[in-house]
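Participant: using only what follows, build the 3D model:
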Amino acid sequence: MTAPVSITRYAPFLLDNALGLASVATHLSRRDAGSTRAAIVSSPPWLATGLEAALSIALKGNSALARQELDGLLARGLLMLEEAERRLGAPPGSTSVEADGARTLASLLEPARRALDGASLVRERRPALEDVVRGTGERLTAALLARLLGARGVPTLEVDAADWTVTEGEPGHARVNREHTRDRVATLRPTWEGRLTLHAGGRGVALDGRSTTLGPDGADETAAVLAVLLGTPLTLWTDVPGVMTADPLHVADARPVPHLSYTEALELVYLGLPTLHPRALSTLRDADIPLRVRHLQQPDAPGTLIDVRGVGDGSVPTCVVSLEDLALLGLEGGTEEATRP
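Facilitator: Next comes the predicted model:
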């Protein structure tokens with residue numbers, strides 16, 4: 001199998017409402033139809049927040065209320081799907097999710113329901129249980145997007161990243177075992193050829209079969225690892241036309257930087273620039289896999305290319321990054337004489 005034409009990662013906030021869901025579906029349905037593509041998605045903010053709320057309720061011992069919270073998230077997802085279909089031209093009252101489809105989506109939540117029951121019994125944080133609940137968001141997001149694409153006639157294959165991401169270490173902050181993961185990807189690659197695959201990112205499975213997650217922004221690492229294993233550049237789609245010279249919310253004439261090195265990008269991320277997770281950037285850098293940051297609503301704009309080499313002129317300032325709501329506290333100890341009674 002040849003490498004995919006594209007591997008894309010969609011910033012989670014792009015899928016935070018029906019308009020965003022419709023925009024991502026439109027973007028995927030127009031690009032490289034019939035080619036081999038992989039898109040990595042993760043829980044949008046509303047879903048991630050809701051799952052954390054369900055966990056908090058369960059930890060107080062109220063499993064019934066936690067399950068209700070989970071069911072409410074599914075209901076909200078279905079309403080978003082219906083609204084997204086209307087935005088894409090579906091006639092009023094029609095939906096791609098009938099009774100059987102809704103039951104299929106509900107079945108994705110069953111592991112989370114059992115984990116919430118377990119959390120309500122022990123009433124203490126167990127990373128293994130929390131991973132099961134948090135990882136549900138990625139699967140539900142991929143499933144909703146797949147059904148929206150299916151309604152537009154775009155055949156997709158939903159892929160749980162846990163099917164090919166083998167991890168080691170403790171739940172909650174597991175790390176990818178590259179050797180075993182490479183073997184899993186090699187086995188599954190033929191089933192992805194010529195198709196659009198939607199990967200529920202940030203999820204993994206330990207060698208002993210336990211469900212794990214890669215921690216906050218773990219889907220970034222999923223995308224980076226897949227790009228490395230398939231030897232294909234990665235594109236991050238977001239709501240700005242690349243890495244900007246300054247925050248466009250505060251600087252009116254901010255513009256995208258055409259080319260950055262991974263060293264520069266990592267420095268900017270550590271200073272507060274929201275791009276990919278540092279671990280994902282390091283993974284791409286070490287394998288010399290380029291990353292391009294682009295605007296979802298400006299798909300033909302070049303965006304920002306990030307690679308190992310960069311422009312090569314370190315004398316030219318690249319970006320201005322600011323950190324807000326911080327305080328600098330200085331502590332100074334007294335001299336020995338000053339502290340004597």
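Participant: what bits of the stretch 151-300 of the chain have low per-residue confidence?
Facilitator: With pLDDT under 70 as the threshold, the stretch 151-300 of the chain has no low-confidence stretch at all.
Participant: for it, what spans make up the strands?
Facilitator: 156-160, 166-168, 175-176, 196-200, 203-206, 211-213, 234-238, 259-261, 291-295 (DSSP state E, counting those that start in this stretch).
Participant: do you know which of these lies nearest Gly72?
Facilitator: Minimum separation from Gly72 across the strands of the stretch 151-300 of the chain (CB to CB) falls at strand 196-200, 20.6 Å. Heads up, the C-betas are built off the backbone N, CA and C, glycines and all.
Participant: next one: the closest one to chain centre, how far?
Facilitator: In terms of CA atoms, centre = their mean, to the nearest Å, the centre of strand 196-200 is found 12 Å from the chain centre.
Participant: quick one: list the elements packing against it.
Facilitator: strand 37-41, helix 127-151, strand 156-160 (3 or more CB pairs under 8 Å, 6 or more residues apart in numbering; DSSP states H and E).
Participant: dump these into CSV; add mean neighbour count as well.
Facilitator: CSV is the format used below for those (neighbours: other CB atoms under 10 Å):
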stretch, mean neighbour count
strand 37-41, 26
helix 127-151, 23
strand 156-160, 18
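Participant: nearest to Ala18, out of these?
Facilitator: Ala18 sits nearest to helix 127-151 of all the helices and strands packed on strand 196-200, at 9.7 Å, using CB to CB.
Participant: dump the helices and strands packed on strand 196-200 to TSV, plus distance to Gly194.
Facilitator: Output for the helices and strands packed on strand 196-200, formatted as TSV (distance: least, CB to CB, whole Å):
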stretch	distance to Gly194
strand 37-41	9
helix 127-151	16
strand 156-160	10
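Participant: list the contacts for the closest residue to Ala54 other than its chain neighbours?
Facilitator: Using CB to CB, 6 or more residues apart in numbering and skipping residues adjacent in sequence, the residue nearest Ala54 is Glu69, 4.1 Å away. By CB atoms under 8 Å, 6 or more residues apart in numbering, the contact list for Glu69 reads 50, 53-54, 57.
Participant: nearest to Leu268, of the helices and strands packed on strand 196-200?
Facilitator: strand 37-41 (21.8 Å).
Participant: let me see the mean pLDDT of the closest one.
Facilitator: Across strand 37-41, the average pLDDT comes to 94.
Participant: let me see the residues that make contact with the helix or strand that comes right after that strand.
Facilitator: Following strand 37-41 in sequence order, the next helix or strand is helix 45-59 (DSSP states H and E). Helix 45-59 has contacts (CB under 8 Å, 6+ apart) with 12-13, 16-17, 43, 65-67, 69-70, 72-73, 76-77, 112, 116-117, 119-120, 123-125, 130, 133-134, 136-137, 140-141.
Participant: returning to that earlier point: redo the strands of the stretch 151-300 of the chain as a markdown table? Include distance to Asp247.
Facilitator: Below are those laid out as a markdown table (distance: least, CB to CB, whole Å):
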| stretch | distance to Asp247 |
| --- | --- |
| strand 156-160 | 35 |
| strand 166-168 | 35 |
| strand 175-176 | 32 |
| strand 196-200 | 30 |
| strand 203-206 | 32 |
| strand 211-213 | 30 |
| strand 234-238 | 14 |
| strand 259-261 | 16 |
| strand 291-295 | 15 |
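Participant: tell me which of the ones you listed lies nearest to Leu188.
Facilitator: Among the strands of the stretch 151-300 of the chain, the nearest to Leu188 by CB to CB is strand 156-160 (7.7 Å).
Participant: strand partners (parallel or antiparallel) of the closest one?
Facilitator: Strand 156-160 has its sheet partners listed here by DSSP bridges as strand 196-200 (parallel).
Participant: list the contacts of the strand it pairs with.
Facilitator: Applying CB under 8 Å, 6+ apart, the external contacts of strand 196-200 come out as 28, 37-42, 135, 138-139, 141-142, 145-146, 149, 154-162, 222, 226.
Participant: quick one: it to strand 37-41, angle?
Facilitator: With axes from the mean of the first three to the mean of the last three CA atoms, to 10 degrees as the basis, strand 196-200 and strand 37-41 are set at 20 degrees to each other.
Participant: and the direction of strand 196-200 versus that of helix 127-151, what angle?
Facilitator: 150 degrees.
Participant: buried ones in strand 196-200?
Facilitator: Neighbour-count burial for strand 196-200, with 16 or more other CB atoms under 10 Å as criterion, is recorded at 196-200.
Participant: all helices of the stretch 201-341 of the chain, in order?
Facilitator: 218-230, 262-270, 278-287, 336-339 (DSSP state H, counting those that start in this stretch).
Participant: the ones you listed: which one's closest to Leu328?
Facilitator: Nearest to Leu328 among the helices of the stretch 201-341 of the chain is helix 262-270 (17.0 Å), distances taken as CB to CB.
Participant: and the closest one, what does it pack onto?
Facilitator: helix 278-287, strand 304-307.
Participant: tell me what the shortest one is packed against?
Facilitator: For strand 304-307, the packing partners by 3+ CB pairs under 8 Å, 6+ apart come out as strand 259-261, helix 262-270, strand 291-295.
Participant: run through who's touching that strand.
Facilitator: Strand 304-307 is contacted from outside by 242-243, 256-262, 265, 281, 284, 288, 290-294, using CB under 8 Å, 6+ apart.
Participant: this completes my enquiry, with thanks.
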